[in-house]
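# sequence plus the predicted model coming up.
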Amino acid sequence: MAATQLTSPERYELIERLAVGGMAEVFRAVAYGEHGFEKALAIKRILPELARDPEFENRFIGEAKLAVKLSHANVVQVLDFGRMGGTLFIAMELVDGLDLAALLRRYKELGRLLPIPAALHISIEIARGLDFAHQHGVVHRDVSPSNILISRAGEVKIADFGIALAAADRRAGADGRRIMGKWRYMSPEQGAGEPVEIRSDIFSAAAVWFELFTGDKLFPGDDADTIIRNIARMAIPKASDRRAGLPARLDELLCQALERVPAKRPEAGELLRGLVEVSYGSSIVASALDVKAAVSDALAAPAADASGATPASRGLDDLIRAQLGTGDGAVAEEENRRTAVAPPPADAFAVTAPADKTPDKNLDTGTFVRLGVDEQGATRWEVDHETVAAAPRAMRGGRSSAPPHEATPVEPPAERSRRRLLLVVASAGLLGGAAAVAWTVTRASGADDRAESTSDAGARTAAAAGEGALATLVIDSDPPGARVVVDDKPLPGRTLTSVEVKPGASHRVAVELAGYEVWLDDVAANPGERIRVVASLVAQHASLRVVTRPPGALVTLDGEAIGTTPLSRGDLRPGAGRTLVVSKADFKPISIQVDLDAATPVEIERKLDSAIVYGRITLHIKDGWAEVSLGGKSVGNAPGILRLPVGSQRLRLYNPVSKKSKLVTVDVVAGKTNHYEFGL
């Protein structure tokens, strides 16, 4: 492992816990790799009551995978995600500075406004970060001052991309609305509990920008209902009315970004260009140096808060609170919408250690070693019982470039893995082709078995547990919510679920979920073992063929377009009573209820009926005849009777002999024949 691989360190040491919120706790940490590599970072560890929810776990991992891919100067980098201490975590870039909420509070305490060049540069950098994320299909959903981090060097970074969505279902109100973010910076659609897309972030960013330039929160109110009502109805003030010297073009950009109708708001890239034009057009030199000076002024001011901490001493804590997604004290109480969850007990993540090396009980810290990557792509970490949490810090003063586990006689990771014996076995399912199962077997062992083989350790576990002890199967599925049958007996509930079984024998496990192939496998366990079985379910597919006369009709299934006729699809989701609609311009649409299943292909043939109503006219030409066309298409000759669509129609009369032509208008009425005569 090269020292530059920041996302694959050998161990993490959690130095101290900095904050606890309704969703997670945040630690200052150090990552260690080979050749003396060290990297300071922040680790956000999800509270265990959330991590135990299988639906939350799947959503969190999906969002974390997305966040890891966002690498940009204006986005706080997510370096790693995985499982640690019985729960989930993400490792993030640690920025030396403070969050924008703290910066604005400090300037308000000083009775000053943030200098316009600094405010403009921060606004430009926020737009730049949002533009990058939106180009990658990521919606933040919580753009607010506490999620904008400002470094001492003047860097501007947006924190917490993508992760907050994982907890959305946990925060649904009594009326079922899922509302994420902080009330004062929500878009109208977000406050109403409606689905949000990238333009919701634009509205939130504009509310932040208004506060940046004026020092005032855009939407006043002391409670959520008042704030949301103001967001939906209040007349938007001009920033230039609150602060002299602001360019008129800035008012225009804020007005556009604060449109109540999402479709009327510009995208982040357009706003970025507009803000840069404001800088150039107004001769405002806006740079990171201006932001650096503003941060320096704020941190240098010696005013202390209620706890006695000065801004300089609390800057890093403000930063971590922002990465955690909670404000401090009054800010969290006033603006943070996140539902409170009771903090974990003091020993929830207590680090076990030898009796003579007890870590500081006031810190939920510890050293974790890397075990590998699980089937979901998350790194797996386990507490290093042989290394006291504080030991690497004590070694740093006088040690060379050797990694921490070489500086003290600590048992090698390979031997420790034998002692805890975390065995991952992958096997291919026999049904559905690509189905797979991961078994995680954990066996506890004694203190003198470092040189034991895997089979010896298993035998010792069986002996220690007693021949009559049962084994436990913990059965999960991807996707979750599946029905489980073990040895032909259905288990209560849905995945994630567990059952005790007799050891030694092989047990048939079946996992069933509507729309997916039945997953089958045989699992055997030793006495006292606890085995985790994860069934990766393979979706069933149904076949559908649709033919129409005339062809070229659009086919939709449950409102989603799936192609045009003649249509042949073999990858559709099965389901009964699905709505199939066939439509084509100038023809009557057809709606059909179809039952799709994997066993029986569905074939549909239909003749489309015209939706156009026709009438007739008689048309005479004085002193001759003419070819008649409608919309460039021939409809017959005159004199004669013509069949035409009902309504006012504009016809072209043309005599190829005399080369004379004329445009005329006729009225066609259903059930009635009108008579017309024209001369060329």
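Good, I have the coordinates. Numbers count the residues shown, from 1 in each chain.
# any regions of the stretch 251-400 of the chain where pLDDT drops low?
Per-residue confidence of the stretch 251-400 of the chain (counting by pLDDT under 70) places the weak regions at 301-377, 380, 382-400.
# tell me the domain boundaries of this protein?
By the assignment in automatic domain parsing, the chain contains the domains 1-93+345-410, 96-335, 411-536, 542-607, 614-679.
# got those as CSV, with mean neighbour count columns?
Placement of C-beta: from N, CA and C, glycine included. Output for the domains of the chain, formatted as CSV (neighbours: other CB atoms under 10 Å):
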stretch, mean neighbour count
domain 1-93+345-410, 18
domain 96-335, 19
domain 411-536, 16
domain 542-607, 15
domain 614-679, 14
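# tell me where the model's unsure across the chain.
Judged by pLDDT under 70, the chain has its weakly predicted residues at 1-8, 21-22, 34-36, 85, 162-181, 301-377, 380, 382-468.
# roughly how far out does stretch 489-504 sit from the chain middle?
On the basis of CA atoms, centre = their mean, to the nearest Å, the separation between the geometric centre of stretch 489-504 and that of its chain is 32 Å.
# right, I mislabeled it, should have said stretch 622-641
The offset between the C-alpha centroid of stretch 622-641 and the centroid of the whole chain comes to 62 Å, using CA atoms, centre = their mean.
# put the alpha carbons of that stretch into CSV.
Written as CSV, here are the backbone C-alpha positions of stretch 622-641 (Å, rounded to 0.1, in the frame of the first residue of the first chain):
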residue,chain,number,x,y,z
LYS,A,622,-65.3,28.8,-62.4
ASP,A,623,-64.2,28.2,-66.0
GLY,A,624,-62.0,25.2,-65.4
TRP,A,625,-60.7,22.8,-62.8
ALA,A,626,-58.0,22.6,-60.1
GLU,A,627,-55.9,20.3,-58.0
VAL,A,628,-56.7,20.7,-54.3
SER,A,629,-54.1,20.4,-51.5
LEU,A,630,-54.3,20.8,-47.7
GLY,A,631,-51.0,21.3,-45.8
GLY,A,632,-49.0,20.3,-48.8
LYS,A,633,-50.9,17.0,-49.3
SER,A,634,-53.3,16.4,-52.2
VAL,A,635,-57.0,15.9,-51.1
GLY,A,636,-58.5,15.6,-54.5
ASN,A,637,-59.6,17.6,-57.5
ALA,A,638,-62.3,20.3,-58.1
PRO,A,639,-65.1,20.4,-59.1
GLY,A,640,-66.0,17.5,-56.8
ILE,A,641,-66.9,16.4,-53.3
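# so where does residue 509 fall, helix or strand?
When secondary structure is defined by DSSP states H and E, residue 509 falls within strand 506-512.
# residue 23 touches residue 47, doesn't it?
Yes: using CB atoms under 8 Å, residue 23 and residue 47 qualify as a contacting pair, with a distance of 6.5 Å.
# partners of the strand holding residue 509 in the sheet?
Strand 506-512 has its sheet partners listed here by DSSP bridges as strand 483-486 (antiparallel), strand 519-524 (antiparallel).
# now those as JSON lines including distance to residue 103?
As requested, these are arranged in JSON lines below (distance: least, CB to CB, whole Å):
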{"stretch": "strand 483-486", "distance to residue 103": "53"}
{"stretch": "strand 519-524", "distance to residue 103": "53"}
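# so which of the ones you listed is nearest residue 612?
Proximity to residue 612, assessed across the strands paired with strand 506-512 by CB to CB, is greatest for strand 483-486 (52.0 Å).
# and the contacts of that closest one?
Strand 483-486 is contacted from outside by 473, 475, 490-491, 494-495, 497, 499, 501, 507-513, using CB atoms under 8 Å, 6 or more residues apart in numbering.
# report the two of those residues separated the most.
501 and 513 (21.7 Å).
# strands of the stretch 401-550 of the chain, residue ranges please.
For the stretch 401-550 of the chain, the strands defined by DSSP state E, counting those that start in this stretch cover 422-428, 436-442, 471-478, 483-486, 489-490, 497-501, 506-512, 519-524, 530-536, 542-549.
# could you export those as a markdown table, including distance to residue 567?
Output for the strands of the stretch 401-550 of the chain, formatted as a markdown table (distance: least, CB to CB, whole Å):
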| stretch | distance to residue 567 |
| --- | --- |
| strand 422-428 | 34 |
| strand 436-442 | 33 |
| strand 471-478 | 31 |
| strand 483-486 | 33 |
| strand 489-490 | 39 |
| strand 497-501 | 41 |
| strand 506-512 | 31 |
| strand 519-524 | 31 |
| strand 530-536 | 30 |
| strand 542-549 | 4 |
